[in-house]
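K.L.:
okay, here's the prediction I keep looking at, along with the sequence it came from:
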Amino acid sequence: MSRATTGITVATALLVSLGCLTACRTDSPSPAASSSAGAAAPVSPAQESPTAQASPADPAPPMQSASASTRPAPAVSASAPGGRRTGAGGLPASVWMAADGIPMASLYHWGAPAAAAQAVHNPRFEFEQLCASTRDPSNDLADWKGPSAQAHLAGPTQNYADWQVQQTVIHFPGTSSVGAQLAAGLYQGLQDELNACAQTVRGARVRVTSNGGSGGDEHLAAVLTVPESGGGSYTLHQYLSLTGRAVVELALWSDQPAHAWSAPSDAVVLGALESPVCPALGDC
């Protein structure tokens, strides 16, 4: 190949390369043009992907506070008026009497019945145990599922033969008269059982010290002496109350007491037993 031919070939190649570079520079948009195109065609909310993530520049969504509106509501029993939370046996904790209202509290330092209460199905009152009594079938609560609980108390260091305490609460809730009738029937049946203790246990003695009430509420207090099969006897101080749709007992008993019995008047003890019931249950 001659030098002239070689020069023409090189020149031709250079011209082709320059033409390509010029065309490439012209076809590529400038940064300003790219920005203008992006601004002219914004993405609408309808076009956004539902799974699109926020860019790092976007502010993070605020955290929700644990306000009362977002917390789950506490579970309450239907037997607790006004949405109050309940304790043992579906009964409000406030239905139980105060420990210092129990006779001989200064000697035995009883614990709080509300703290010792346990749900009990078809509870038997203490005199029913000692008198070996049988309820009338109309007062049998074996198939009844309503609120009821029992609290048993003893002094921190005392012998089991010393004074023991039991409080029982049975509530017949409802707005009709049926609950009141059931409560009144149970109370009357218990009163009949207590008076019949001398017939169910030979040698037992019953002395009713208070019996009265008004406005559909009734109460009684009694002292029972029940002989033991191996000798000796139990002494039981039994308090019973019908308050609204609730039947309540307080019982203290012993066969070998370390301290002689002492207590305020029946009215004072019954008042301490009854006074929390109506405010707690709200149906009196």
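P.N.:
Thanks, I have the structure now. Numbering: from 1, shown residues only.

K.L.:
sec struct for Q188, please.
P.N.:
helix (DSSP: H, G, I helix; E, B strand; the rest coil).

K.L.:
so where's the stretch 51-200 of the chain shaky on pLDDT?
P.N.:
51-86 (pLDDT under 70).

K.L.:
and the strands in it?
P.N.:
118-119, 148-153, 164-171 (DSSP state E, counting those that start in this stretch).

K.L.:
and C278, which of those is closest to it?
P.N.:
Among these, the nearest to C278 by Cβ to Cβ is strand 164-171 (11.4 Å). Placement of C-beta: from N, CA and C, glycine included.

K.L.:
partners of the closest one in the sheet?
P.N.:
Using DSSP bridges, the strands paired with strand 164-171 are strand 148-153 (antiparallel), strand 246-254 (antiparallel).

K.L.:
okay, the first one in CSV with CA atoms only?
P.N.:
Going back to what we said before, that points to strand 148-153. Extracted in CSV, the C-alpha atoms of strand 148-153 (Å, rounded to 0.1, in the frame of the first residue of the first chain):
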residue,chain,number,x,y,z
SER,A,148,-69.3,-17.5,96.5
ALA,A,149,-66.1,-17.6,98.5
GLN,A,150,-64.8,-18.5,101.9
ALA,A,151,-61.9,-17.2,104.0
HIS,A,152,-60.3,-19.1,106.8
LEU,A,153,-58.0,-17.4,109.3
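
K.L.:
contacting residues around that strand?
P.N.:
For strand 148-153, contacts defined as Cβ atoms under 8 Å, 6 or more residues apart in numbering pick out 87-91, 96, 99, 102, 110-111, 113-114, 116-123, 141, 164-171.

K.L.:
could you single out the most deeply buried of the strands of the stretch 51-200 of the chain?
P.N.:
strand 164-171 (a mean of 24; mean count of other Cβ atoms under 10 Å).

K.L.:
grab the CA positions of that one and hand them over as CSV.
P.N.:
Presented in CSV, the C-alpha positions along strand 164-171 are these (Å, rounded to 0.1, in the frame of the first residue of the first chain):
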residue,chain,number,x,y,z
GLN,A,164,-60.2,-20.1,114.3
VAL,A,165,-62.1,-17.7,112.0
GLN,A,166,-64.2,-18.3,109.0
GLN,A,167,-66.1,-15.8,106.8
THR,A,168,-68.3,-16.9,104.0
VAL,A,169,-70.1,-14.8,101.4
ILE,A,170,-72.7,-16.1,98.9
HIS,A,171,-74.2,-13.6,96.5
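
K.L.:
please consider this matter closed, and thank you.
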